[in-house]
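Engineer: I'll drop the sequence and a predicted model, then ask my questions.
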Amino acid sequence: MITITELITTDFFLFALVAGLSLALIAGPLGSLIVWRRMSYFGDTLAHSALLGIAVGLITNSNPQMAIIISCLLVGILLVYLDKNPKISTDTVLGILAHSTLAIGVVILALTESVRVNLEAYLFGALLTINIIDLIWVIAIMLIVISTLYYFWNDFLSVTVHAELAKTEGINVERTHLFLVLLIALTIAVSMKIVGVLLITSLLIIPPAAARKFAQSPEKMAILASLIGSTAVVLGLFLAFYVNTPVGPTIVVVATILFLVLSVFTRAQKE
Amino acid sequence: MEASSAIRADSGKLLLSAKGISKTLADRHVLQNIDLEIQEGQIISLIGPNGAGKTTLVRVLLGLLTTDLGSIYHRPKLRIGYMPQQLMIESTLPITVRRFLQLATPSFHDRIDATLQQLEISQLAEQQLISVSGGELQRVLLARALLRNPHLLILDEPAQGVDIAGQAKLYALIGKIRNQNGCGVLMISHDLHLVMSSTDEVVCLNHHVCCHGKPDQVSTDPAFLELFGAQVSTNLAVYTHNHNHEHDITGEVKISES
């Protein structure tokens, strides 16, 4: 058996660890905003439609990472546009888009027989297959996301608390919302290899939910969520390696256990 | 109302004006051809029955809704302090009253304590916003509007959820703020009694402007009587606010100094 020291000095494990931690870091603030604004279904739809991006990327023979990013951004813009139309029920549209894009993506991938695609890797992630190029993508996008979140944090928060008050105070509410959706789209696009399209939203949402009861301010909740997410990534990665389970689902399982333990802990404290 | 137009012409500077505002929502003509002007230092009360379009008018004036017809003028660089009717805070969002007030932009953080003190809610500063009661929340929202150092305060039912004694105090406070800052005030109200004594002009709205003018003029206007009934008008004439003690925000009876 490989010792922990040997393990963390191997490239593939180190890449996986850094990529996972990058995602956990931004999942704190970004996931908190998603929870506060009740956008988890929105995130799910974006994530599922990313599979369509992969399929299109394969057909057009373009850079897969670029194809995913562009398709996620386009779907994000489409969703914001649909959301604005008062005649359309957002919930229904999200429900239709989330699963139809996923289904179309799977069908197209099955039809393109010339390329052998590991569908499971896209659905549940393949963190241990991450190479240096993937890692650079992840880190670059994460830096963009985290710095945008930091720079516009007050606007994001103000719009979340009361959009109309924010608007009368001079904040461009529509632009802020669009920015947030694009940040979620970018994050999902690069974290596909980390946890896969079916599990991304959970990694964005479980850590903030676990942090809620311990936080007295929005910023503390965001930071605490980042810490909980990071813990889930580290524990999940080691656990997956030693127990030989798929990494993405293992990380989500660990995050869920952390959420449950922390919930029980707060309840016990109250009593 | 000839008299009020004459007063308008020579008083203060124009903050906001609306001309010929019409708005249709879901096939209902909510607002029809509405004219309104607000000057510096002027308190205007917008009254009218439920569903008369008061909140819609305010939202149009604020630019939150577009108008179908007509035009709205805001004085250049006009800073508006808006107090919405209600605030729904997500239970998943932990935020203290102080942090909420810090969101006001441009915010003058060092003024938060002074503003809280002025509104007698200093004890709420570190409390979670979600645990603040209705009447207290109204004051927190007013504090946020005031923190912007506004030229114009727009208040949507500021006294909602506040008890009668508290309401009289709140209106007195709004009058005091106007005197101190010289800002204009536009407020929506249901309670005719209290509004009548604390406003410069009343605009009576029922999809269109039924009547407007000084409170005593409006309360005898046939259109007003038709809308609210003669009974209300008579009550207004004899109404005197009669209480001999005050409550502070926690509900405790305050011993008056005098």
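Structural biologist: Yes, it's here.
Engineer: C-alpha from now on. contacts and neighbour counts both.
Structural biologist: Fine.
Engineer: tell me the phi and psi of residue B:19?
Structural biologist: phi -130, psi 120 (degrees, to the nearest 10).
Engineer: who's it bridged to?
Structural biologist: Counting by DSSP bridges, residue B:19 is bridged to residue B:71.
Engineer: that one reaches residue B:31, doesn't it?
Structural biologist: No: counting by CA atoms under 8 Å, residue B:19 sits too far from residue B:31 to count as a contact (11.8 Å).
Engineer: look at those two and report which has more neighbours.
Structural biologist: residue B:31 (26 against 15; other CA atoms under 10 Å in any protein chain shown).
Engineer: wait, a strand at that one?
Structural biologist: Yes: under DSSP: H, G, I helix; E, B strand; the rest coil, residue B:31 falls within a strand.
Engineer: ok, it to chain A distance?
Structural biologist: Taking CA to the nearest CA, to the nearest Å as the measure, residue B:31 falls 20 Å from chain A.
Engineer: OK, now which residue of chain A is nearest to chain B?
Structural biologist: Nearest residue of chain A to chain B: residue A:217, at 4.8 Å (CA to the nearest CA).
Engineer: who's in contact with that residue?
Structural biologist: Residue A:217 is in contact with B:93, B:94, B:95, B:96, B:99, counting by CA atoms under 8 Å, 6 or more residues apart in numbering or on different chains.
Engineer: format those as CSV; extra columns: distance to chain A, secondary structure and pLDDT.
Structural biologist: Converted to CSV, those look like this (distance: CA to the nearest CA, whole Å; DSSP: H, G, I helix; E, B strand; the rest coil; pLDDT from 0 to 100):
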residue, distance to chain A, secondary structure, pLDDT
B:93, 6, coil, 95
B:94, 5, coil, 96
B:95, 5, coil, 96
B:96, 7, strand, 95
B:99, 8, helix, 93
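Engineer: would you mind listing what in chain A touches chain B?
Structural biologist: Taking CA under 8 Å from any CA of the partner chain as the measure of proximity, chain A contacts chain B at A:35-36, A:154, A:157-158, A:161-162, A:164-170, A:209, A:212, A:215-218, A:221.
Engineer: residue B:44 should be in a strand, yeah?
Structural biologist: Yes: secondary structure of residue B:44 (three-state DSSP): part of a strand.
Engineer: right, and it touches residue B:36 too?
Structural biologist: No: using CA under 8 Å, residue B:44 is not in contact with residue B:36, being 9.8 Å away.
Engineer: ok, the two, which is more surrounded?
Structural biologist: More crowded of residue B:44 and residue B:36, by other CA under 10 Å: residue B:44, with 27 against 16.
Engineer: got the contact list for the more buried one?
Structural biologist: Neighbour list for residue B:44: B:38, B:185, B:186, B:187, B:199, B:200, B:201, B:202, B:203 [criterion: CA under 8 Å, 6+ apart].
Engineer: parallel or antiparallel, list what pairs with the helix or strand where the first one lies.
Structural biologist: Spelled out, that is residue B:38. Using DSSP states H and E, residue B:38 falls within strand B:28-39. Strand pairing for strand B:28-39, determined by DSSP bridges: strand B:14-25 (antiparallel).
Engineer: list the buried residues for the strand it pairs with?
Structural biologist: Buried residues in strand B:14-25, counting neighbours by 16 or more other CA atoms under 10 Å in any protein chain shown, are found at B:14, B:15, B:16, B:17, B:18, B:20, B:21, B:22, B:23.
Engineer: ok, for residue A:229, nearest residue in space, not its chain neighbours?
Structural biologist: Leaving aside its sequence neighbours, residue A:229 sits nearest to residue A:24 (CA to CA, 6 or more residues apart in numbering or on different chains; 4.8 Å).
Engineer: buried residues of the helix or strand encompassing that neighbour, list them for me.
Structural biologist: Secondary-structure assignment from DSSP H and E places residue A:24 in helix A:11-36. Applying a neighbour-count criterion of 16+ other CA under 10 Å, one finds A:12-13, A:15-36 buried in helix A:11-36.
Engineer: what sits opposite the residue nearest the centre of chain B in the beta ladder?
Structural biologist: The centroid of chain B falls nearest to residue B:187 when counting by CA atoms, centre = their mean (2.4 Å). Beta-bridge partners for residue B:187, by DSSP bridges, are residue B:45, residue B:155.
Engineer: helices of the chain, residue ranges please.
Structural biologist: I'll assume chain A. A:4-9, A:11-36, A:40-59, A:64-84, A:90-111, A:119-124, A:132-161, A:163-168, A:173-195, A:200-211, A:218-243, A:247-270 (DSSP state H).
Engineer: that's the wrong chain, I meant chain B
Structural biologist: So, for chain B - with DSSP H - the helices run B:2-10, B:54-62, B:97-102, B:112-118, B:134-147, B:164-181, B:192-197, B:215-218, B:222-228, B:230-238.
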